[in-house]
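K.L.:
below is the sequence, then the predicted model.
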Amino acid sequence: MPADWTAIEQLPATKLTDLFAADAGRLDSFSLDIAGLHFDWSKTHLTKDAVAAFEALAKAQDLAGKREALFAGKVINTTEGRSVTHVAERGEGAEEDVAKAQALHARMRALIDAIDGEALGAIAHILHVGIGGSALGPDLLVDALGRESGRYDVAIVSNVDGAALEEVFAKFDPTATLLVVASKTFTTKETMLNAESVLQWMAEGGVEDVYGRVVALTADPDKAIEWGVDETRILPFADSVGGRYSLWSSIGFPAALALGWDDFADLLEGAAEMDRHFKQTALGQNAPALAAFADLYYAQVRHCETRATFAYDERLRLLPSYLQQLEMESNGKGVTIDGEPLTRPSAPITWGGVGTDAQHAVFQLLHQGTHLVPVEFVAVIEPGDTLSEDHHRQLLLNAFAQGAALMAGRDNADKARAYSGNRPSSTILLDTLDARTLGALIAFYEHRTFVSGVLLGINSFDQFGVELGKEMAKAADAGGQEFDVSTADLIKRAFG
């Protein structure tokens, strides 16, 4: 075992309640505030010795150098030979990358102004088709911030299951719908099939020039032109912006259109504020680094195979799904950046749910099950509703009490009613949920994922694991794929 991990593996397994009892300043040591977000890791097993051990590992893995390379736009996605420039979309990358991003943002804003001015006709509905990062990010933004915007009705469709599109068709008027097609390569089969079905629905609904109602979001504009989109309605983004990091680019177009440009600009600034914090702050007071240290401790030392995030705010109900892709696609790797087998656990399984709903579904296992699952609570001080204040009070009290109960536990002579306690949790508390704080929150999760990848020695920015099944399905559709007897039987049963 490498010496740098040995110090971490040998950390004492002190109970959480004992850590508080031994250190009156523990809360101050393991909580901080940045960009309207309050972070509290005091109910995790992080200690000053643990942070020091992780700082030593970070030095050995050259986290500082890799962080500098990220912000300098250098090639850190080594398996694909690409730089990684999503921070430039927020104004914090290399000068030439920032200039390019700002020029593309200006192009996007001009198109939004044209649509608002009805240059494409009267638009009431935005139907965005994409998949993965081309859908999850915009969906999160619109659902969290756009419910009260009143500007446009927005639907994000990613599933190739036709039922997903038909649900939208039943609600939208085809003659008042703008189709937004989001695909980095503009060849993604699921997305392009959905887009073609939307065009057919629009044509059958009375739209004479269906391509005149299409906006393309892509890193390959030529492919979009070949498909039929007018060049003036193509919003490019850099090939060095990965899909799961792309909501800051033109992929965020439906959110910018629905929310208005000022909110989108606030989103970028909130993320940039977290960028500056991550770039400039010592690791012991660095929110993404401390979160990554806790993640790695539980996955590597306590052998926790999962981590759960619970959003105690209905507006953040899509956050767990968004984090699943961000973390598991980034760090679910089996080889190091040197191409050697990864000899320790990679990313844990990310899962979660929403508020008090989850308490009545999965918290039984968290409190009394045999699995140790680190829990993260995300909540907002300012309510998102106008009902009696008791709704929000009960929501927040439940979030805070769950973390306290996981840590403290409770003895009982009846073992079925006993709680072992010593179960870790962290809390992220937003002052309010707006574009700025949401931008900072998402950027925090991005950098946290990056730190974990660096300390594990893996490349967080490729995703070859998603390709094999898709390639086999494509080959099967063309009749050129041989399968095992089980899969062949399933295909025969489905298609005859």
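P.N.:
Alright, I've got the coordinates. Numbers count the residues shown, from 1 in each chain.

K.L.:
residues in contact with the residue located most distally from the centre of the chain?
P.N.:
In the chain, Ala413 marks the outermost C-alpha relative to the chain mean, sitting 43.2 Å out by CA atoms, centre = their mean. Ala413 is in contact with no residue at all, counting by CB atoms under 8 Å, 6 or more residues apart in numbering. Bear in mind the C-beta positions are built from the backbone N, C-alpha and C, glycine included.

K.L.:
please apply the same query to the one 5 residues further on.
P.N.:
Taking CB under 8 Å, 6+ apart as the criterion, Ala418 is in contact with Gln368, Gly409, Arg410, Asp411, Asn412.

K.L.:
where does the residue farthest from the centre of the chain fall, phi/psi-wise?
P.N.:
Phi and psi for Ala413, reported as degrees, to the nearest 10, are phi -60, psi -30.

K.L.:
model confidence score at it, please.
P.N.:
If you check Ala413, the pLDDT there is 97.

K.L.:
so where's this structure shaky on pLDDT?
P.N.:
Along the chain, segments meeting pLDDT under 70 span 1-3, 148-150.

K.L.:
domain map for it?
P.N.:
3-81+266-465, 86-264, 467-495 (automatic domain parsing).

K.L.:
count of neighbours near Gly352?
P.N.:
22 (other CB atoms under 10 Å).

K.L.:
please name the nearest non-neighbouring residue to it.
P.N.:
Pro320 (3.3 Å; CB to CB, 6 or more residues apart in numbering).

K.L.:
contact partners for that neighbour?
P.N.:
Taking CB under 8 Å, 6+ apart as the test, what Pro320 contacts is Thr309, Phe310, Ala311, Thr350, Trp351, Gly352, Gly353, Val354.

K.L.:
how about the fifth one, phi and psi?
P.N.:
Just to be clear, that refers to Trp351. The phi/psi pair for Trp351 (degrees, to the nearest 10) is phi -150, psi -180.

K.L.:
which of the contacts of Pro320 ranks first by neighbour count?
P.N.:
Busiest of those [other CB under 10 Å] is Phe310, holding 28 neighbours.

K.L.:
three-state assignment of that one?
P.N.:
Recorded secondary structure, Phe310: strand (DSSP: H, G, I helix; E, B strand; the rest coil).

K.L.:
so what's it up against?
P.N.:
Counted by CB under 8 Å, 6+ apart, Phe310 has contacts Pro320, Gly352, Gly353, Val354, Gly355, Ala358, Val375, Glu376, Phe377, Val378, Ala399, Gln402.

K.L.:
among the residues you listed, name the ones in helices.
P.N.:
Pro320, Gly355, Ala358, Ala399, Gln402 (DSSP state H).

K.L.:
is it true that Lys171 touches Val157?
P.N.:
No: Lys171 lies out of contact with Val157 (CB atoms under 8 Å); the separation is 11.7 Å.

K.L.:
which of these two has more neighbours?
P.N.:
Shown here are Lys171 and Val157; by other CB under 10 Å, Val157 has more neighbours (23 against 10).

K.L.:
please report how far the more buried one lies from His391.
P.N.:
Going from Val157 to His391 by CB to CB, to the nearest Å gives 31 Å.

K.L.:
Leu433 contacts Asp313, correct?
P.N.:
Yes: judged on CB under 8 Å, Leu433 makes contact with Asp313 at a distance of 6.5 Å.

K.L.:
overlap of the contact sets of the two?
P.N.:
Going by CB under 8 Å, 6+ apart, residues that sit against Leu433 and also against Asp313 are Val380, Gly384.

K.L.:
just so I have it, where are all the strands in the stretch 201-350 of the chain?
P.N.:
Ranges of strands within the stretch 201-350 of the chain are 214-218, 234-236, 306-312, 349-354, based on DSSP state E, counting those that start in this stretch.

K.L.:
want to throw those strands into a markdown table with distance to Gln285?
P.N.:
Listed next are the strands of the stretch 201-350 of the chain as a markdown table, based on distance: least, CB to CB, whole Å:
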| stretch | distance to Gln285 |
| --- | --- |
| strand 214-218 | 37 |
| strand 234-236 | 38 |
| strand 306-312 | 22 |
| strand 349-354 | 25 |
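
K.L.:
Thr185 is nearest to which of those strands?
P.N.:
strand 214-218 (7.3 Å; CB to CB).

K.L.:
now what about that closest one, what contacts it?
P.N.:
The contact list for strand 214-218, computed with CB under 8 Å, 6+ apart, reads 111, 130, 134, 178-186, 195, 199, 224, 227-229, 233-237, 250-251, 253.

K.L.:
so which of those residues are in helices?
P.N.:
Leu111, Ser134, Ala195, Leu199, Ala224, Trp227, Phe253.

K.L.:
among the residues you listed, which pair sits farthest apart?
P.N.:
Leu111 and Leu199 (19.4 Å).

K.L.:
quick one: the closest residue to Ala292 other than its chain neighbours from Arg67, how far?
P.N.:
Leaving aside its chain neighbours, Ala292 sits nearest to Val451 (3.7 Å; criterion: CB to CB, 6+ apart). Distance, Val451 to Arg67, by CB to CB: 8 Å.

K.L.:
more neighbours: which of these two?
P.N.:
Val451 (27 against 21).

K.L.:
my guess is that one contacts Ala287, does it?
P.N.:
No: using CB under 8 Å, Val451 is not in contact with Ala287, being 10.3 Å away.

K.L.:
thinking again about what came up before, most neighbours, which of the contacts of Ala418?
P.N.:
Neighbour count (other CB under 10 Å) singles out Gly409 as the most crowded of the contacts of Ala418, with 18 neighbours.

K.L.:
contacting residues for that one?
P.N.:
Going by CB under 8 Å, 6+ apart, the list of residues near Gly409 reads Ala418, Tyr419, Ser420, Gly421, Asn422, Arg423.

K.L.:
ok, now Asn194?
P.N.:
Each residue near Asn194 by CB under 8 Å, 6+ apart is listed here: Val129, Val157, Val160, Leu165.
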